[in-house]
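Undergrad: quick one, what's the 3D model for this:
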Amino acid sequence: MKMKLATMALGAIMAAGPVLADLVIPSLSYRTGPYAAGGIPFADGYADYFTLLNERDGGIGGAPIKMIECETGYNTEKGVECYEATKGEGALIYQPLSTGITYQIIPKATVDDIPIHTMGYGRTSAANGNVFSHVFNYPGNYWNGASGVVNYLLEINNGDIKGKKLALVYHNSAFGKEPIRTLEALAEKHGFELSLLPVDHPGQEQKSQWLQVRRERPDYVTMWGWGVMNQVAIQEAANIRFNMENFIGVWWSGAQHDVLPAGDAANGYKAITFHAVGSDYPVFDDIQKYVVDAGKTAGAGDQVGTVLYNRGIYAAMLAAEAIKDAQAATGKADITAGDVRNAMESLNITEERMASIGMPGFGPSFQVSCENHGGSGLVGVAQWDATAKTWSLVSDFQPTDAEVIDALIKEDSEAYAAENNIAPNCK
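TA: Modelled structure (predicted):
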């Protein structure tokens, strides 16, 4: 009876109280330009999840979500402009969706006390929260990804890849260069040979790189690509009859639009991942009911369940869970970006929590701390079935090489701290 009366009293206070301020979440999207094929589904998933929370739950903790979408065209200068134009609206968290933009806004966001979540991209050494107080790249980063590729090669070669040849075809940018140091360290550790094949933006011209692959005959090729580069690479690999079973992309090179243009020739192509594939999760039933059927999708509604739509949902869910934690910690629905940063630093994503929001098994469990902004770093592998037109996991989420990765993170982050006179964040 006391509980019932308390609930009624709280409801009366909320009804009589002031209208809660919106929870402002900017989306630095790119629906135009050479990378739009990847940018659109991510932006749709990111927006649709917040729409779901508004329509089904009335927002988060009683406060409505206001998403501000700003078109960057995957252009770093435009991305910085979007950040400057939206931060004053009460922005709680940024997902830049570009390594170049991330590098530029790290110092700005730190001064502005606004957290950045670069899920599976950005500056890898930002996993060291002792140096990068406002940047988070959980549940995995590019160096986890590079190790995940090598771990998979070890798995399918009975733990021995000494003497094997691995070629890295990469976008010739900060993004594409991220895995090089890790792969070099792992090549030394495991005795495989690494060759580097850069591809200039936007990646439509790759004849010379694949002629080199044909000449050198590597056992495996891994790709750090994005946008049209991925489609061209997969087609060029098919043209020289490279075995797709031995071609493994990063998680930004493993979506439907990357493989569909090559048709049956793409069958067997693989990509690492840090989340599940497909739409067999309860959350998609709610998205169908409250967003798609209600005509409230951010896009045409044709991307639901695709790899990058799922990734957008996953990113939005992690932001929403941090906001919930910030509300719980402060005891109020109207929170600040600083509150969200603090909550992100102690975020605990368990399987029970994932199940409670309709996403059981969608991603690995992980815990964030002041020292570790990178999460668990578990990496799985998905494979494309051209006949069924589906991705499926062929290797579950597994640990990556912490010995190699942690040393690289320490070296790079401490150099950044010394260069920028940054005091330790963790007490």
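Undergrad: so where is the chain shaky, pLDDT-wise?
TA: Across the chain, the ranges flagged by pLDDT under 70 are 1-19.
Undergrad: would you list every one of the strands in it?
TA: In chain order, the chain shows strands spanning 23-29, 65-71, 116-117, 135-136, 165-171, 193-199, 220-224, 247-249, 270-273, 348-349, 366-367, 379-385, 390-398, with DSSP state E as the criterion.
Undergrad: show me what the lengthiest helix in the chain is packed against.
TA: Counting residues, the longest helix in the chain under DSSP state H turns out to be helix 307-330. Here helix 307-330 touches helix 36-52, strand 116-117, helix 337-344, going by 3 or more CB pairs under 8 Å, 6 or more residues apart in numbering; DSSP states H and E. Just so you know, the C-beta spots here come from the backbone N, C-alpha and C atoms, and that holds for glycine as well.
Undergrad: returning to what we had before: among the strands of the chain, which is nearest D325?
TA: Using CB to CB as the measure, strand 348-349 is the one of the strands of the chain that comes nearest D325, at 8.5 Å.
Undergrad: tell me the contacts of I180?
TA: By CB atoms under 8 Å, 6 or more residues apart in numbering, the residues touching I180 are 168, 170, 196.
Undergrad: pretty sure the first one contacts F192?
TA: So the one you mean is L168. No. Counting by CB atoms under 8 Å, F192 is not a contact partner of L168; they are 11.5 Å apart.
Undergrad: residues near the residue lying closest to S29 once chain neighbours are set aside, how many?
TA: Ranked by CB to CB, 6 or more residues apart in numbering and with sequence neighbours excluded, the top spatial neighbour of S29 is A43, at 3.8 Å. Using other CB atoms under 10 Å, A43 is surrounded by 27 other residues.
Undergrad: now for A43: which residues touch it?
TA: Applying CB under 8 Å, 6+ apart to A43 gives the contacts 27, 29-31, 69, 298-299, 312.
Undergrad: gap between A316 and L28?
TA: Relative to L28, A316 is positioned 13 Å away (criterion: CB to CB, to the nearest Å).
Undergrad: whoops, I mixed them up, V381
TA: Where L28 is concerned, V381 sits at a distance of 29 Å (CB to CB).
Undergrad: who has more neighbours out of those two?
TA: Taking other CB under 10 Å, V381 and L28 do not tie; L28 has more neighbours (26 against 22).
Undergrad: is it true that that one touches P96?
TA: Yes. Using CB under 8 Å as the test, L28 is close enough to P96 to be in contact (5.2 Å).
Undergrad: joint contacts of the two?
TA: In the contact map built from CB under 8 Å, 6+ apart, the residues linked to both L28 and P96 are 79, 83.
Undergrad: which parts of the longest helix of the chain are buried?
TA: Residues of helix 307-330 classed as buried under the neighbour-count rule (16 or more other CB atoms under 10 Å) are 307-327.
Undergrad: got it, and stretch 367-376?
TA: Residues of stretch 367-376 classed as buried under the neighbour-count rule (16+ other CB under 10 Å) are 368, 372-376.
Undergrad: between those, which is nearest T400?
TA: Sorting the buried residues of stretch 367-376 by how near they are to T400, with CB to CB, puts S376 at the top with 9.1 Å.
Undergrad: list the residues that contact that closest one.
TA: Under the criterion of CB under 8 Å, 6+ apart, the contact list for S376 reads 138-140, 364-367, 399.
Undergrad: list buried residues within the residues you listed.
TA: Buried among those by 16+ other CB under 10 Å: 138-140, 364-366.
Undergrad: in TSV, list those residues along with distance to G61.
TA: Rendered in TSV, the data for the buried ones among the contacts of S376 read as follows (distance: CB to CB, whole Å):
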residue	distance to G61
Y138	22
P139	24
G140	28
P364	26
S365	24
F366	23
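Undergrad: A109: which of the residues you listed is nearest?
TA: The shortest separation between A109 and any of the buried ones among the contacts of S376 is 16.5 Å, and it belongs to Y138 (by CB to CB).
Undergrad: tell me the contacts of the spatially closest residue to the closest one that is not a sequence neighbour?
TA: Nearest non-adjacent residue to Y138, counting by CB to CB, 6+ apart: G375, 3.0 Å away. G375 makes contact with 137-140, 366-368 under the criterion CB under 8 Å, 6+ apart.
Undergrad: what does D48 give?
TA: Residues in contact with D48, defined by CB under 8 Å, 6+ apart, are 287, 291, 296-298, 304, 309, 312-313.
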